[in-house]
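# need a structure here:
(chains A and B)
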Amino acid sequence: MIVEGVVIRRRINVGSKSEHDAALLVSEEGTFKLRRSGGHPFSDPDVQALVGLRIRAEGFVTAGQFIMTHYAVVDDETG
Amino acid sequence: MMAVHKVVVTNVSGLKAKYGPEYARLRTSLAKLVRADLKRGLRTRVVAIDSPAVMKRLGGKPVSSVNDQRGAKEAVDAIYGHYQPDYILILGAPDIVPHIDLANPLHGTPDDDGDIVVPSDVPFACAAGWSRQPQDFMGPSRVVGRLPDLAGADEPSYLQRLIDTAARHRPMPRKDYARHFAISAKVWIRSTAESMDNLFGPGAIVLTAPPKGPRWPKRALAPRIHFINCHGDTCSPKFFGEHPTNRFVDAHDAVHLPTRISKGAVVAAECCYGAELYEPAKAQGQAGIANTYLGEGAIGFLGSTTIAYGPSEGQGQADLICQYFIDAVRRGASLGRAALEARQRFVAQFSHTDPADLKTAVQFLLLGDPSVHPVDPTPHAFSRSKTVRQAPKGLVHSETRTFRRERLARTGTNLTRTLGAAVPSKDAIPKPVRRFLIKAAEESGMLDPTFKSYRVTFPSAQRRPRSMNTLRRPKRLIFAALGSLGTSTRGARISAIIATVEGDKIVHVRRVHSR
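All right, here's what the predicted structure looks like:
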């Protein structure tokens, strides 16, 4: 599936064994923890670099996470 | 009818659709397992829950598809009612026999647990009927395990290997399970060290990541007990260490396990998603750690399907259920009985389960043949006496397994009739309680807490014993403050403050240290 949205940073799964600061993709389809296929699920610098940007990503959703196989930063239409 | 001790539950049309003519290889392996079981004194039946004829004979209905969760639960209930077996072995990954997706009691706030459901095998272990509510499955009484194949596979050699391993296994002396391989995220070392001290005695070695891992040498992995307290994530073939806070490193990697696991190894993994049976294609072709351990000759794996919980110091949730499992295995229990006793022991300690306890009780599952005994139980000295050994044939016939099953059924029934559970509610937080939680959150260094309400429900008066009806039982509510973490004056990281309220009084308060 293809999803477009803004990447934010937030601490998730608080109190659990996987509590961590994560990049989240906020889209019309929902808010998902964002991962890159083959990337480190907890600290992927490529994903962290997307925080604050709008992206269009292709991938799949599983257990509330969007694991992307391809992505591109979308230019800000307001210039 | 001859007693049937073990039932293998599977979906034959699902296996045929997945493997085509290669399914015949699985039939051969299953026949070997049935013969091996017979030599071990177990009569085993393979039951196809998709067969209308078979299920009709057993007083049930066939499942409508491999995704039919309700059908699978009701089919297992019918099978259990007919045979009352000592062991139920579910054969196949969830794309053959599904987990039951239970509601996640921790789901619901922006900063909260992201699992929408908790895939579970615990409903198969319970006499309670169909439901998606975890609190309905707090009284497990059946011995259940699952031998998974690889989700999405198109040839059966992996599952064949697992069945053959179970068929070949012989119990080993306790000394063969005396050593352990324990790894911990460094930030959780105190909790893991306490678990290992409880199991193996003071000073038991725990390796931490960082600095160790993920390429563990063969001699480090050689012990037959593996205990893992690390981070995990969905669709990931790795577990992760952490130190300092928010710096994550690889601790354990499925890719480094082949040829390094001792035959008969038993694993308990506290990690989030530690026993998730994901499709390898979702992780660039690499199967998960649980699947890989079993494929490399491990005989049993206890782990979680979802996000798991436990304190960074002290003991709770995942620490306890994993510890109880390993303890029972080392005392000579079958894998399935060890998993059942661990669940019962975990929930029996509570008057009512809070949401994290409730999730823990249903999210851990056993991967492995439940009838396998890793450790040879030491028989009572009298059973080896001359009088017993030379008694006329048939006069002395041990029924100790039957006695144990009676005890497990009684314990499960008692839990079903007495244990309360916290379920999400819309109850407003009383102002004094809210003020208390906010003040406690501030003192603990919690930033921007959010609040969640739960109502404690107990079994109905008809179900519970009369002695419990005489207990004072006012309305009991639980309010939790959850939030981002700061640092308290003691340096401890805090994630949730949970207050139990009866009337206008806070009757119990608990501060949960985050991972």
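
# isn't B:G310 right next to B:I321, touching?
No - contact criterion CB atoms under 8 Å: B:G310 and B:I321 do not qualify, at 9.4 Å. Using the backbone N, CA and C atoms, a C-beta is placed for each residue, glycine as well.

# please identify the helix or strand for the one residue in the stretch 1-150 of chain B that gets nearest to chain A.
Nearest to chain A, among the residues of the stretch 1-150 of chain B, is B:G114, at 4.0 Å (CB to the nearest CB). Using DSSP states H and E, B:G114 sits in no helix or strand.

# burial of it, as a residue count?
By the criterion of other CB atoms under 10 Å in any protein chain shown, B:G114 has 22 neighbours.

# list the contacts for it?
By CB atoms under 8 Å, 6 or more residues apart in numbering or on different chains, the contact set of B:G114 is A:12-13, A:33, A:63-65, B:107, B:307.

# got the contact list for the most centrally placed residue in chain B?
Nearest residue to the geometric centre of chain B (CA atoms, centre = their mean): B:F364, 2.4 Å. When contacts are counted by CB under 8 Å, 6+ apart, B:F364 touches B:275, B:302-304, B:308, B:318, B:321-322, B:339, B:342-343.

# filter those residues down to the ones in strands?
Among those, the residues falling in strands (DSSP state E) are B:302-304.

# switch those residues over to TSV; also include pLDDT.
Putting the ones in strands among the contacts of B:F364 into TSV (pLDDT from 0 to 100) gives the following:
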residue	pLDDT
B:L302	98
B:G303	98
B:S304	97
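
# just the endpoints, please. Distance across stretch B:285-301?
One end of stretch B:285-301 sits 21 Å from the other (CA to CA, to the nearest Å).

# show the average pLDDT along it.
Averaging pLDDT along stretch B:285-301 gives 98.

# what residues does the stretch 301-450 of chain B put near chain A?
By CB under 8 Å from any CB of the partner chain, the residues of the stretch 301-450 of chain B that approach chain A are B:306-310, B:318, B:356.

# same thing but at 6 Å, please
Counting by CB under 6 Å from any CB of the partner chain, the residues of the stretch 301-450 of chain B lying close to chain A are B:307-309.

# can you pull up the most central residue in chain A?
Per CA atoms, centre = their mean, the C-alpha nearest to the average position across chain A is that of A:L34, at 2.4 Å.

# skip the chain neighbours and tell me the closest residue to B:D319.
B:G310 (4.8 Å; CB to CB, 6 or more residues apart in numbering or on different chains).

# if I look at the one you found, how far off is B:I497?
17 Å (CB to CB, to the nearest Å).

# neighbours of B:F382, how many?
Counted with other CB under 10 Å, B:F382 comes out at 8.

# quick check: the gap between it and chain A.
In this view, B:F382 and chain A are 45 Å apart by CB to the nearest CB, to the nearest Å.

# and B:M196, by the same measure?
17 Å.

# contact partners for the residue lying closest to B:G213 once chain neighbours are set aside?
Nearest residue to B:G213 in three dimensions, chain neighbours excluded: B:A251, at 4.2 Å (CB to CB, 6+ apart). B:A251 makes contact with B:183, B:209, B:213-214, B:230, B:239-241, according to CB atoms under 6 Å, 6 or more residues apart in numbering or on different chains.

# for the chain, longest strand please?
In the absence of a named chain, this looks at chain A. If you go by DSSP E, chain A has its longest strand at strand A:2-12.

# actually chain B
Longest strand in chain B, counting by DSSP E: strand B:447-457.

# how about that one: buried residues?
Across strand B:447-457, burial judged by 16 or more other CB atoms under 10 Å in any protein chain shown covers B:449, B:451-456.

# let's see that strand as CSV, backbone CA atoms only.
Output in CSV follows, covering the C-alpha atoms of strand B:447-457 (Å, rounded to 0.1, in the frame of the first residue of the first chain):
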residue,chain,number,x,y,z
LEU,B,447,5.8,14.4,32.0
ASP,B,448,2.3,15.2,30.6
PRO,B,449,0.5,12.2,32.0
THR,B,450,-2.6,10.8,30.4
PHE,B,451,-5.2,8.9,32.4
LYS,B,452,-7.1,5.7,31.9
SER,B,453,-9.9,4.1,33.9
TYR,B,454,-10.6,0.4,34.6
ARG,B,455,-13.3,-1.4,36.5
VAL,B,456,-12.4,-4.6,38.3
THR,B,457,-14.9,-7.3,37.5
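
# remind me which helix or strand B:R410 belongs to.
Counting by DSSP H and E, B:R410 is part of helix B:400-418.

# wait, I meant B:T192
With secondary structure defined by DSSP H and E, B:T192 is part of helix B:189-200.

# elements contacting that helix?
Under the contact criterion of 3 or more CB pairs under 6 Å, 6 or more residues apart in numbering or on different chains; DSSP states H and E, helix B:189-200 touches strand B:180-185, helix B:317-330.

# quick one: neighbours of residue 73, just the number.
I'll assume chain A. A:V73: 13 neighbours (other CB under 10 Å).

# other chain: chain B
Burial measure for B:K73: 20 neighbouring residues, criterion other CB under 10 Å.

# got the phi and psi for the closest residue in space to B:I506 that isn't next to it in sequence?
Sequence neighbours aside, B:A499 is the residue nearest to B:I506 in space, at 4.9 Å (criterion: CB to CB, 6+ apart). B:A499 adopts backbone torsions of phi -110, psi 130, taken as degrees, to the nearest 10.

# right, and B:A499 touches B:V509 too?
Yes - counting by CB atoms under 6 Å, B:A499 does reach B:V509; the two are 5.0 Å apart.

# ok, those two, which is more surrounded?
Neighbours were counted for B:A499 and for B:V509 using other CB under 10 Å; B:A499 has more, 21 against 15.

# list the beta-bridge partners for that one.
Counting by DSSP bridges, B:A499 forms beta bridges with B:F479, B:V509.

# for it, give its distance to chain A.
Distance from B:A499 to chain A, by CB to the nearest CB: 15 Å.

# ditto for B:P370
For B:P370, the distance to chain A equals 25 Å [CB to the nearest CB].

# the residue nearest to B:I506: what's it in contact with?
B:A499 sits in contact with B:433, B:479, B:506, B:509, where contact means CB under 6 Å, 6+ apart.

# by neighbours, which of these wins?
In terms of neighbours by other CB under 10 Å, those top out with B:F479 at 24 neighbours.

# I'd assumed B:P430 was in contact with that residue.
No - assessed by CB under 6 Å, B:F479 is found out of contact with B:P430, at 8.3 Å.

# spell out which residues of chain A are next to chain B.
A:11, A:13-19, A:21, A:38, A:41-43, A:62-65.

# drop anything exposed from those residues.
The neighbour count (16+ other CB under 10 Å) marks A:11, A:13-19, A:41-43, A:62-65 as buried among the residues of chain A next to chain B.

# from these, which land in helices?
Here DSSP state H is the test, and these give no hits in helices at all.

# and which of these is nearest B:Q69?
Here the nearest of those to B:Q69, counting by CB to CB, is A:A63; it sits at 17.0 Å.
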